[in-house]
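> predicted model follows, preceded by the sequence.
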Amino acid sequence: MEQEKQIQNGFKLSPFLIVVMAAACGITVANLYYIQPLLAEIARFFYVTQGSIGFVAMLTQVGYAIGMLFLLPLADIREKRTLIVTMLIFAAMSLVLMFLSHNIAVVAVAAFAIGFTSVVPQLIVSLAAQLANPKERGEIIGSVMSGLLIGILLSRTFSGIVGKYFGWRIVYLIAAIMMLILALALKNILPRSEPISKMKYGELFKSMHYLIKTEPVLREASINGAMMFAAFSAFWTTLSFLLESPYYNMGSEVAGLFGLVGVTGALAAPIVGKIADKKSPRFTIGIGMIIVTSAYICFTALGFKLWGLIIGVILLDLGVQSCQISNQARVHALSEEARNRINTVFMVSYFIGGSLGSYLGSLSYAHFGWYGVCFIGIITQLIAIIIHKIRKFN
């Protein structure tokens, strides 16, 4: 019989629980990114264009943004562990739908459903922030987020290799099985977390509008976070197209292996969190923007050389991760009671930016090639830097 675990005052996150949360974030968020190294293969399988398959990739992130909008606020008024386990089961069902898809329309529906149901990482990050000592919140969020980013990056390695040798459908079958295993594990490991608000569901949405209106830090973090993730998604959505072009003549498994390169940035996450705790999150956000801009300058000048791509990937992942951790440390500190609604506003904005980056990246590649993608990446950073300079908050 399962032993009930309640979150009490003075609860301290154990290193084991932090590792479990980080791993759960990584395994679940991977659902969103399996498709990216497989885009060229799926496009050939269903006889569709690069632009069309780029739209399907965008639907996954749109689904994630909409899922966060409607589901994350529930964490303020529902018990979190049950919510997490339930969403893992629905995610498994969506992945099975992708596995069984027989035309591009079903692929599109499944892609959206996978995004919509894979909101578990944000529920876990919010739970970790709630359990963390305020003085260690940046470091703990960084540790959990390192698992999330490693999941993003290794998902590409996994799907690229499995897709190459066993076909793209098998990727989603394995992912569905992992969701069910994870649901069983988290049901027994995570502590219970009772609701922290008595508001009704409709009132939650009204309050989010109020939060956007009254929290300038939230507005700033949401805009520059969206631009960061747009740059990130534009690159990873189009990488498989570049690698399969005559410049490289490489397959999906190589696109996936680039995820291993990006793990360097993920491993720096706890360090970034510590710096944010000691100095200020805004400081590390500024540094991250400079790093991402440098990555796209590298892609522009050296993108047709393998070593140039590798350097750019390391810079891109490090810069985006620095901004993500620091932005979340800022927004999670704004309100204890409204934490999930604040995180909803931030993450919905973040993934709207990501979906826009995926779509514009694939569209730009189709019409203007690799330099079109680099142009999109640099423009997003200019916008982020302008917002960062205009809105000077501590």
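Nice, thanks for sending it over.

> tell me how far L360 lies from V217.
27 Å (CB to CB, to the nearest Å). (C-beta placed from N, C-alpha, C; glycine too.)

> these two: which is more packed in?
L360 (24 against 18; other CB atoms under 10 Å).

> mind giving me the packing neighbours of the helix or strand where A384 lies?
Taking DSSP states H and E as the criterion, A384 maps to helix 370-390. Contacts defined by 3 or more CB pairs under 8 Å, 6 or more residues apart in numbering; DSSP states H and E place helix 370-390 against helix 216-244, helix 281-302, helix 339-368.

> what's the longest one packed up against?
To tie it back to what came earlier, the one meant is helix 339-368. helix 50-71, helix 120-131, helix 201-214, helix 216-244, helix 306-332, helix 370-390.

> got these as a markdown table, with mean pLDDT and distance to I141 columns?
Converted to a markdown table, the helices and strands packed on helix 339-368 look like this (pLDDT from 0 to 100; distance: least, CB to CB, whole Å):
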| stretch | mean pLDDT | distance to I141 |
| --- | --- | --- |
| helix 50-71 | 83 | 17 |
| helix 120-131 | 83 | 6 |
| helix 201-214 | 83 | 19 |
| helix 216-244 | 90 | 13 |
| helix 306-332 | 86 | 5 |
| helix 370-390 | 92 | 20 |
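
> closest to L180 out of these?
Nearest of the helices and strands packed on helix 339-368 to L180, taken as CB to CB: helix 120-131 at 13.0 Å.

> who touches F46 in this structure?
By CB atoms under 8 Å, 6 or more residues apart in numbering, the contact list for F46 reads 103-104, 107.

> show me which of those are buried.
104, 107 (16 or more other CB atoms under 10 Å).

> could you list the low-pLDDT ranges of the stretch 151-300 of the chain?
Within the stretch 151-300 of the chain, the segments meeting pLDDT under 70 span 196-197, 251-253, 255-256, 262, 264-270, 272-274, 276-277.

> one step back: nearest to M250, out of the helices and strands packed on helix 370-390?
helix 216-244 (4.2 Å).

> in that closest one, which residues are buried?
Those would be 217-244, for helix 216-244 by 16+ other CB under 10 Å.

> try stretch 152-165
Those would be 152-164, for stretch 152-165 by 16+ other CB under 10 Å.

> what's the angle from the helix or strand harbouring L180 to helix 120-131?
Secondary structure assignment for L180, by DSSP H and E: helix 168-189. Relative orientation of helix 168-189 versus helix 120-131 (axes from the mean of the first three to the mean of the last three CA atoms, to 10 degrees): 30 degrees.

> quick one: mean pLDDT over stretch 85-92.
What stretch 85-92 shows for mean pLDDT is 96.

> and the helix or strand harbouring F116, what's its mean pLDDT?
In this structure, F116 sits in helix 104-117 according to DSSP H and E. The predicted model assigns helix 104-117 a mean pLDDT of 94.

> ok, residues contacting that helix?
Contacts for helix 104-117 (CB under 8 Å, 6+ apart): 31-32, 35, 42, 46, 48, 52, 55-57, 59-67, 87, 90-91, 93-95, 97-98, 100-101.

> what angle do that helix and helix 168-189 make?
Using the same axes, to 10 degrees: helix 104-117 against helix 168-189 is 20 degrees.

> show me how far helix 104-117 is from its chain's centre.
A distance of 17 Å separates the centroid of the chain from that of helix 104-117, by CA atoms, centre = their mean, to the nearest Å.

> counting neighbours, which bits of that helix end up buried?
For helix 104-117, the neighbour count (16+ other CB under 10 Å) marks 104, 107-117 as buried.

> do stretch 85-95 as well
Buried, per 16+ other CB under 10 Å, within stretch 85-95: 85, 87-88, 90-92, 94-95.

> hey, what's the angle from the helix holding A384 to helix 281-302? Just curious.
Using the same axes, to 10 degrees: helix 370-390 against helix 281-302 is 160 degrees.

> got a list of contacts for helix 370-390?
By CB under 8 Å, 6+ apart, helix 370-390 touches 220, 223-224, 227-228, 230-231, 234-235, 238, 242, 282, 285-286, 289, 292-293, 295-297, 299-300, 303-304, 353, 357, 360-361, 364-365, 368.

> so for it, what gets flagged as buried?
370, 372-381, 383-385, 387-388.

> now for F90: which residues touch it?
T117.

> F346 and F235: what is the separation?
With the distance defined as CB to CB, F346 ends up 22 Å from F235.

> V313 too?
Distance from V313 to F235, by CB to CB: 8 Å.
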